[in-house]
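Chemist: Next one to model:
(2 chains)
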There are 2 protein chains.
Amino acid sequence: MYIMSLIVVGSMAYDAIETPFGKTDWIVGGAATYIAHTASYFVKPINQVSIVGYDFAKEELDQLEKRGVNLEGVEIVKDKKSFFWSGKYHMDMNSRDTLVTDLNCFLDFNPIIPESYQGSEFLMLGNILPSLQISVVKQMKQRPKLIAMDTMNFWMDNALDDLKKLIAMVDVLMINDSEARQLSGQYSLVKAAREIMKMGPQFLIIKKGEHGALLFHKDLVFVAPALPLEEVFDPTGAGDTFAGGFMGYIASTKDISFENMKTAIIVGSAMASFCVEKFGPDRIKELSRADIDARIRQFVDLVNFDIKLV
Amino acid sequence: MYIMSLIVVGSMAYDAIETPFGKTDWIVGGAATYIAHTASYFVKPINQVSIVGYDFAKEELDQLEKRGVNLEGVEIVKDKKSFFWSGKYHMDMNSRDTLVTDLNCFLDFNPIIPESYQGSEFLMLGNILPSLQISVVKQMKQRPKLIAMDTMNFWMDNALDDLKKLIAMVDVLMINDSEARQLSGQYSLVKAAREIMKMGPQFLIIKKGEHGALLFHKDLVFVAPALPLEEVFDPTGAGDTFAGGFMGYIASTKDISFENMKTAIIVGSAMASFCVEKFGPDRIKELSRADIDARIRQFVDLVNFDIKLV
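Modeler: Predicted structure coming up:
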């Protein structure tokens, strides 16, 4: 029997971020942090699987628990620090330099799915070593109704065999446009999507940052816009926030049709548009239901046109 | 009294084009050629203003006339060749090298609005020297209901004063994203749009190629997708085809509201998606009404999502 919940696997970390608009030396981050905070607006419980060091603030963990995030699967390492990343964005906000990557306790990450998480209907695999993502899928005694994964170019360069094995096991792959081109060897995103879906996943989401996102499924395609923003204050975590909104919405509706995924992508895009307004996850921690509804309404207005006259 | 028609001002030329998919040494081109062919699917007559040389094929002129394009304003220079452009596209199709620009008869272009064109409701100024575009606007005894213009970065570098004078005289400015950034000095397209609208135009269309287009008007914004294509065979003329579809649709509906412009942008995007399928204007010369309707329907499906559940 399924239980209505979403498992989130990924990093929980601290970041130091510099953008043209400001600088922060120490702010909570990590894919699973963004995903869990965002998804918690739509579904409870969220079953978190991650690893943190002794320096990870109890306050941050408490915030997550208060939002319905189950932390049984989050290992706290007593003698190591948390994963730390530092980066600096360029003026165009589309590229960044990584200044520091201290894996710290994350080197020991060996995700274990607690017994109480078994039977969860939805599984979101944040970007980590593909062999660890595979291990998580294999630990599920009952295959979740929908498995989605994120990954990155680094694993295409360094762990392609495992990555391909994993891609064949999941339902939804989320990558950005340059990763889709690298993975498929095709420049045209339509051709890239066709090649990648041949590798296994029924659904492919190609994220294009400020240009929105594409959803592919068989011969179908959907284009979601990004909200044109006056200012992107800090893009860190926007992709993970997108994933959190997408999977949170899917898990809350329990509907894995292409039609419903279109709406889920709009929800993910709306949540990501909040994320970039402040440093780290600050903005997505403080939203009201009314904020979210109003933002989604903006997306409707953004793309809605009257075609009757044509 | 207005007469229902669209004046199109711009170049008629020959091009030699090389793309990763092929090569053509001699094909009809020029902004006004693309605009007129495209707009002719929606509105008649089109009052063309241009200049060609002795080598411009009578067959091309006959084709335009048969489609309801009035050529009274097209000067034929007996002792000079037509404007000739040659370019080569890079693999990504977003950038190209200009190999040859022979202005030939176009050096003498001094657009004269024939008396019979006076009173036209709509005016589309293709990309030419801003002072010539200004001259056209000044020749109109009755200001058209809607004046739209295209331009390019070259005039921002070399004729900025005239360009700004012109921009203050028009209703709709169409430029691409890098031109919007250059003209405004703002990286954010939302901020760029606000600065540019302060220069005069009520409506601003920012074209983003494969990423679609944005329409700005006061505090409103609309995002039109581009159709995800397997292959862009030849992007030459896509922007002019977009303009032709946009203005053709506006002229046919006589509705210059923001709401109607959204639909017009979808029509323009649909027409542009045809343009890139073959060399030059070949594809947009051969469309049926059913082709166009089906393509517009694809755009509806592309962005349409169900928001009731959220």
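Chemist: C-alpha only now, for contacts and for neighbours.
Modeler: Will do.
Chemist: Contacts only, for the residue most central in space within chain A.
Modeler: By Cα atoms, centre = their mean, the mean C-alpha position of chain A lies nearest to residue A:240, the distance being 2.8 Å. By Cα atoms under 8 Å, 6 or more residues apart in numbering or on different chains, residue A:240 lies in contact with A:31-32, A:34-35, A:126.
Chemist: Equivalent analysis for residue A:87, please.
Modeler: A:15-18, A:96-100 are the contacts of residue A:87 under Cα under 8 Å, 6+ apart.
Chemist: Could you find the closest non-adjacent residue to residue A:221?
Modeler: Nearest residue to residue A:221 in three dimensions, chain neighbours excluded: residue A:215, at 5.6 Å (Cα to Cα, 6 or more residues apart in numbering or on different chains).
Chemist: before we move on, the earlier item: quick check: the residue nearest to the centre of chain A vs chain B, distance?
Modeler: Note on residue A:240: its distance to chain B, by Cα to the nearest Cα, to the nearest Å, is 20 Å.
Chemist: now residue A:289
Modeler: Per Cα to the nearest Cα, residue A:289 is found 11 Å from chain B.
Chemist: Count the residues that sit near that residue.
Modeler: By the criterion of other Cα atoms under 10 Å in any protein chain shown, residue A:289 has 10 neighbours.
Chemist: does residue A:255 count as helix, strand or coil?
Modeler: coil (DSSP: H, G, I helix; E, B strand; the rest coil).
Chemist: ranges for the strands of the stretch 101-250 of chain A?
Modeler: Secondary structure of the stretch 101-250 of chain A (DSSP state E, counting those that start in this stretch): strands located at A:120-125, A:146-150, A:172-176, A:203-207, A:213-217, A:220-224.
Chemist: Pick the most buried one from these.
Modeler: strand A:120-125 (a mean of 26; mean count of other Cα atoms under 10 Å in any protein chain shown).
Chemist: and it, how far out from the chain's middle?
Modeler: In terms of Cα atoms, centre = their mean, to the nearest Å, the centre of strand A:120-125 is found 12 Å from the chain centre.
Chemist: what residues does that strand touch?
Modeler: For strand A:120-125, the external contacting residues (Cα under 8 Å, 6+ apart) are A:2-10, A:133, A:143-150, A:247, A:251.
Chemist: Drop anything exposed from those.
Modeler: Neighbour counting with 16 or more other Cα atoms under 10 Å in any protein chain shown marks A:4-10, A:133, A:143-150, A:247, A:251 as buried within the contacts of strand A:120-125.
Chemist: Tell me the residues on chain A that lie near chain B, please.
Modeler: A:92, A:187-191, A:211, A:221-225, A:228-231, A:259-260, A:262-263, A:293, A:300-307, A:310 (Cα under 8 Å from any Cα of the partner chain).
Chemist: Let's see which of these end up in helices.
Modeler: Of the residues of chain A next to chain B, the ones assigned to helices by DSSP state H are A:189-191, A:259-260, A:262-263, A:293, A:300-303.
Chemist: how about the residues you listed in TSV, adding neighbour count and pLDDT?
Modeler: Formatted as TSV, those follow (neighbours: other Cα atoms under 10 Å in any protein chain shown; pLDDT from 0 to 100):
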residue	neighbour count	pLDDT
A:189	21	96
A:190	17	97
A:191	18	97
A:259	13	96
A:260	18	96
A:262	25	97
A:263	23	96
A:293	13	96
A:300	18	92
A:301	14	92
A:302	21	94
A:303	20	92
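Chemist: Out of those, which two sit at the greatest distance?
Modeler: Farthest-apart pair in these is A:191 and A:293; separation 34.9 Å (Cα to Cα).
Chemist: Residue A:8 contacts residue A:40, doesn't it?
Modeler: No - the pair residue A:8 / residue A:40 is not scored as a contact, 11.0 Å apart, by Cα atoms under 8 Å.
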